[in-house]
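Novice: Got a predicted structure here, sequence first:
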Amino acid sequence: MKPHINQAYAAYIGIDWADQKHDICLQAAGTDARKFTVLAHRPDTIEAWALSLKQRFQGQPIAVCLELTKGPLVYALQKYDFFVLFPVNPSTLAKYRQAFTPSNAKDDPSDARLQLELLMQHRDKLKALHPEGVEMRTLQCLVEQRRGLVNGRVRVSNQLTYALKQYFPHVLEWFKDKDTKVFCDFISRWSTLKQAQQARKTTLETFFREHNVRYPSVIETRVSAIKGATPLTHDTSVILPHQLLAHALVQQLRALLDAIERFDTQIAAFAQTLPDYALFQALPGAGPVYAPRLLAAFGEQRERYQSAADVQQYAGVAPVTERSGKKCWIHWRLQCPKFLRQTFVEWAAETIPRSFWAGAYYRQQREKGCSHQVAVRALAFKWIRILFRCWQTRTPYDESTYLNSLKRRGSPLLNSIGEAAAKTT
């Protein structure tokens, strides 16, 4: 069911959600009476409440306003096709509350009432929640959860690095990457310098060969470094506690690495089943990580965005301009889906060494005095316009086609590229 702003609803509901219970304000169409109820957050209670409304209003559409786009309550309500959900930004509700309650007094029933008023009086400014297909929603959840695990891996890796610096800093020099299974296996087997130095040379060499270190010179260098290392400290009060901490962190890191692998397998399986995956798979720097994330970012509902600017603004890549009198200032967009913005910005950085024009544009921005992050965000802004066009027309991106387009338009970017090439020759 895809309602528009003129669709008639049998009733309107505002819900102030919480972890254990939900405050509800309901008003039937054509009446002024409002009923306040409290609904316990239990599947059977929500089921009984929803079915009672279906029976009361004979299955007609019911508009529901709440401060959520996803979560347990949304998932529970989406089971019923007669509910049409209208998510509202929490900051919007807060400003609306403050406009009529300068004292900043807040109460759950009153918030439910305010959401009901927003829904009934400003429904033309609210967009109904239209879920993607099951496969796309699965992919979107998978890539976001995977990123959470990656953040956890970085956090645990940093904690492990700190612990090792207290008593065994040598191992941080022997291994370039700290979030790998070979590093975890080494610490699990030899968690102190004394243990590593007591190991036989052949044992160490076998360990490195079994972990795909094939160059004899690299193995010899590492073994020599282990045998010739000088202890940082002999203080047991320092070594023992941090050794135990390192063991605990290694176990966490190993579990996170295994979980990320399992997520990668599932993401690859789901992404391959979606028809638009080929559009993003061929992008420069996309690979198995960013191609599914970009696909999940755009989704499959092409009517959702009217222009590339809609995507830029929603993702938080487009800056915000404020004007008041003679003053004008531009600032970072704060209210946006952070994971979505992160996807576009991180992928844009990957295209710098892999796309001719992207690398030239990035260097052009840096020469203007922009920082690395500002230059990458500007590049992401340009990339979204290109991706939106490819996505809407279902046309795979082609670097030469885009460069020819820049040439036809007389883009100053090509002039700067030519000047840079002339200087190097």
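Specialist: Yep, it's here.
Novice: average pLDDT across the longest helix anywhere in the chain?
Specialist: Assignment by DSSP state H gives helix 236-272 as the longest helix of the chain. Rounded to a whole number, the mean pLDDT of helix 236-272 is 96.
Novice: Name the next helix or strand downstream of it, please.
Specialist: helix 277-281 (DSSP states H and E).
Novice: related to what we said a few turns ago, tell me which residues of the longest helix of the chain are tucked away?
Specialist: 239, 242-243, 245-246, 249-250, 252-254, 256-257, 260, 263, 267, 270-271 (16 or more other Cβ atoms under 10 Å). No exception for glycine: its C-beta is placed from N, CA and C like everyone else's.
Novice: Equivalent analysis for stretch 106-122, please.
Specialist: For stretch 106-122, burial by neighbour count (16+ other Cβ under 10 Å) applies to 108, 110-119.
Novice: tell me how far stretch 47-55 is from the chain's mean position?
Specialist: Centroid separation between stretch 47-55 and its chain, computed with Cα atoms, centre = their mean, to the nearest Å, is 35 Å.
Novice: now residue 260, nearest residue through space, not along the chain?
Specialist: With Cβ to Cβ, 6 or more residues apart in numbering as the measure, residue 149 is the residue that lies nearest to residue 260, at 5.2 Å, once sequence neighbours are left out.
Novice: oh, I was asking about residue 116
Specialist: Here the nearest residue to residue 116 in space, its sequence neighbours aside, is residue 14; by Cβ to Cβ, 6+ apart that works out to 3.3 Å.
Novice: What count of nearby residues applies to the one you found?
Specialist: By other Cβ atoms under 10 Å, the residues close to residue 14 number 30.
Novice: quick one, what contacts it?
Specialist: By Cβ atoms under 8 Å, 6 or more residues apart in numbering, the residues touching residue 14 are 24-25, 64-66, 111-119.
Novice: before we move on, what about residue 72?
Specialist: For residue 72, counting by Cβ under 8 Å, 6+ apart, the contacting residues are residue 41.
Novice: so how far is residue 334 from it?
Specialist: Residue 72 is 26 Å from residue 334, where distance means Cβ to Cβ, to the nearest Å.
Novice: repeat for residue 99
Specialist: When Cβ to Cβ is applied, the distance between residue 99 and residue 334 equals 20 Å.
Novice: same thing with residue 306?
Specialist: Distance from residue 306 to residue 334, by Cβ to Cβ: 23 Å.
Novice: Residue 23 too?
Specialist: When distance is defined by Cβ to Cβ, residue 23 is 28 Å away from residue 334.
Novice: now do residue 319
Specialist: Separation of residue 319 from residue 334 (Cβ to Cβ) stands at 11 Å.
Novice: Can you pick out the residue with more neighbours from the two?
Specialist: Comparing residue 319 with residue 334 by other Cβ under 10 Å, the one with more neighbours is residue 319, at 15 against 9.
Novice: quick check, distance from the longest helix of the chain to the centre of its chain.
Specialist: Distance, stretch centre to chain centre, for helix 236-272: 20 Å (Cα atoms, centre = their mean).
Novice: How about stretch 125-142?
Specialist: Taking the mean C-alpha point of stretch 125-142 and that of its whole chain, the gap between them comes to 15 Å (Cα atoms, centre = their mean).
Novice: Between the two ends of it, what distance do you get?
Specialist: From the first residue to the last, stretch 125-142 extends over 31 Å; the measure is Cα to Cα, to the nearest Å.
Novice: quick check, residue 328 in a helix?
Specialist: No: note on residue 328: no helix contains this position according to DSSP: H, G, I helix; E, B strand; the rest coil, which reports strand.
Novice: which residues does it contact?
Specialist: Residues in contact with residue 328 (Cβ under 8 Å, 6+ apart) are 321-322.
Novice: partners of it in the sheet?
Specialist: Note on residue 328: beta-bridge partners by DSSP bridges are residue 323.
Novice: any idea how far residue 173 is from it?
Specialist: Counting by Cβ to Cβ, the gap between residue 328 and residue 173 amounts to 51 Å.
Novice: what do you get for residue 51?
Specialist: 65 Å.
Novice: for this structure, what's the longest strand?
Specialist: In the chain, ranked by residue count with DSSP state E as the criterion, the top strand is strand 21-28.
Novice: which parts of that one are buried?
Specialist: Along strand 21-28, the positions that meet the burial threshold by neighbour count (16+ other Cβ under 10 Å) are 22-28.
Novice: next one: stretch 381-391
Specialist: 381-384, 386-388, 390-391.
Novice: sec struct for the closest residue to residue 397 other than its chain neighbours, please.
Specialist: Nearest in space to residue 397, with sequence neighbours left out and distances taken as Cβ to Cβ, 6+ apart, is residue 390 at 5.2 Å. Recorded secondary structure, residue 390: helix (three-state DSSP).
Novice: What does the pLDDT read for residue 390?
Specialist: Reading off the per-residue confidence, residue 390 sits at a pLDDT of 95.
Novice: Can you name the next helix or strand after the helix or strand where residue 194 lies?
Specialist: Take DSSP H and E as the rule and residue 194 turns out to sit in helix 193-198. Towards the C-terminus, the helix or strand next in line after helix 193-198, according to DSSP H and E, is helix 201-210.
Novice: could you say what helices and strands that next one packs with?
Specialist: If you count contacts as 3 or more Cβ pairs under 8 Å, 6 or more residues apart in numbering; DSSP states H and E, helix 201-210 packs onto helix 181-189, helix 216-228.
Novice: how about that helix: buried residues?
Specialist: Buried positions in helix 201-210, judged by neighbour count with 16+ other Cβ under 10 Å: 204-205, 207-208.
Novice: Check stretch 74-89 too.
Specialist: Buried residues in stretch 74-89, counting neighbours by 16+ other Cβ under 10 Å, are found at 74, 76-77, 80, 82-88.
Novice: Could you tell me which of the residues you listed belong to strands?
Specialist: 83-87.
Novice: Check what pLDDT the nearest residue to residue 98 once chain neighbours are set aside gets.
Specialist: In this structure, residue 98 finds its nearest non-sequential neighbour in residue 104, 6.5 Å apart by Cβ to Cβ, 6+ apart. According to the predicted model, the pLDDT of residue 104 comes to 72.
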